[in-house]
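K.L.:
pasted the sequence and its predicted model underneath.
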Amino acid sequence: MSFIKAVFLGVIQGLTEFLPVSSSGHLAIFKQIFGMEDVGISFDVFLHIGTLTAVFIVYWKDIVQLFVDGVGILVDAVSNLFEWIRSKRSGEEPNYRKVITSAYRKFAMLVIVSTIPTGILGVLGEKFIDGAGASLLIPGICLLVTAVLLFISDQLPGGDKTPKKTTYGNAVFIGLCQGVATLPGLSRSGTTITAGLLCGLKREFAVKYSFIMSIPAILGAAVLKLPKMGTDIASASAVAYIAGAIAAAVVGYICIKTMLVVVKNKKFKYFSYYCFVVGLVAIIGSFVVK
């Protein structure tokens, strides 16, 4: 894989990861165009790590606080477990700690709950997802689905749910949607933001939730691909991998800022039209290009 192609794909990843047009779908399409079907899935993971860096830069204060509160939740949960064991042995009433004590702790717990169904679907569908981008047909169909989701999201009224009002059932639903959105052509950000809006989340919170909940999902995918990464990088170029990730991070940072404005002003319909056209072209191309 050449340096130029790696950077180009990095730019595509940065543009399409946070703009709701499916990064995986576009990567699959451009790999077909460039004749790069042999490029390992590890390169896609590298590009996602690049865009993940952009999320850390934009939301670093929230992420630090969520990490601190996540550790606090774990400590209090373990403490409550020991308290339960102690009460059973002594026969005394247990004195449990309150685990959810702030909005950030509730947010951290929501992200944890969303990550569970995402992880389960990711593991169960790993082989299918890896092979789904081998042709243009599945990405094309999924882009049409993305177009419909984006059009629907613009018609939804603004919700009022913040972390305090968001239920764990909402979190499970959004996590399931994120798991399904690993299919190439289904926009992860578009799908999860639409899911959040369907659950009544405030538009700004739906965007933040979508981007921050991508962190454990992307890190989990990277861990799963670690055994293959060394082989994939050796057969390609470490410099190209790094350059692609940097390009994805820089462009991704700009696109996160853009998305905050897009969602607030209900401008998803323009991306909906774009996904519909690209999806149709990809489906037609899947029958023409052999």
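P.N.:
Nice, I can see it. Predicted model only: the values in this text are computed from it and were never measured.
K.L.:
buried sites along stretch 94-104?
P.N.:
99, 100, 104 (16 or more other C-beta atoms under 10 Å). No exception for glycine: its C-beta is placed from N, CA and C like everyone else's.
K.L.:
could I get these as JSON lines with distance to residue 263 and pLDDT?
P.N.:
Output for the buried residues of stretch 94-104, formatted as JSON lines (distance: C-beta to C-beta, whole Å; pLDDT from 0 to 100):
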{"residue": "99", "distance to residue 263": "31", "pLDDT": "90"}
{"residue": "100", "distance to residue 263": "27", "pLDDT": "90"}
{"residue": "104", "distance to residue 263": "22", "pLDDT": "88"}
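K.L.:
which of the residues you listed fall within helices?
P.N.:
residue 104 (DSSP state H).
K.L.:
helix, strand, or coil at the most centrally placed residue in the chain?
P.N.:
In the chain, the C-alpha nearest the mean C-alpha coordinate belongs to residue 214, at 3.7 Å (C-alpha atoms, centre = their mean). Three-state assignment for residue 214 (DSSP: H, G, I helix; E, B strand; the rest coil): helix.
K.L.:
how far away is it from residue 199?
P.N.:
For residue 214, the distance to residue 199 equals 17 Å [C-beta to C-beta, to the nearest Å].
K.L.:
check residue 171 too.
P.N.:
Distance from residue 171 to residue 199, by C-beta to C-beta: 9 Å.
K.L.:
ok, the two, which is more surrounded?
P.N.:
residue 171 (24 against 20; other C-beta atoms under 10 Å).
K.L.:
in what helix or strand does the more buried one lie?
P.N.:
helix 168-180 (DSSP states H and E).
K.L.:
report the buried residues of that helix.
P.N.:
170, 171, 172, 173, 174, 175, 176, 177, 178, 179, 180.
K.L.:
show me the contacts for the fifth one.
P.N.:
Think residue 174. Contacts for residue 174 (C-beta atoms under 8 Å, 6 or more residues apart in numbering) come out as 114, 192, 195, 196, 199, 209, 213.
K.L.:
now intersect the residues you listed with the helices, please.
P.N.:
Going by DSSP H, the helices hold 114, 192, 195, 196, 209, 213 from those.
K.L.:
identify the residue nearest the third one in space, chain neighbours excluded?
P.N.:
The one in question is residue 195. residue 177 (4.0 Å; C-beta to C-beta, 6 or more residues apart in numbering).
K.L.:
for that neighbour, what are its contacts?
P.N.:
Contacts of residue 177 by C-beta under 8 Å, 6+ apart are 191, 192, 194, 195.
K.L.:
adding distance to residue 265, write the residues you listed out as a markdown table.
P.N.:
Converted to a markdown table, the contacts of residue 177 look like this (distance: C-beta to C-beta, whole Å):
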| residue | distance to residue 265 |
| --- | --- |
| 191 | 20 |
| 192 | 19 |
| 194 | 16 |
| 195 | 20 |
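K.L.:
buried subset of these as a PyMOL selection?
P.N.:
Filtering the contacts of residue 177 down to the buried ones (16+ other C-beta under 10 Å) takes a single PyMOL command:
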select buried, resi 191+192+194+195
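K.L.:
pick out the most distant pair among the contacts of residue 177.
P.N.:
192 and 194 (7.3 Å; C-beta to C-beta).
K.L.:
what stretches of the stretch 151-290 of the chain score poorly on pLDDT?
P.N.:
221-222, 224-237, 289-290 (pLDDT under 70).
K.L.:
now the helices for it?
P.N.:
In the stretch 151-290 of the chain, the segments counted as helices under DSSP state H, counting those that start in this stretch are 168-180, 188-198, 203-235, 238-264, 268-288.
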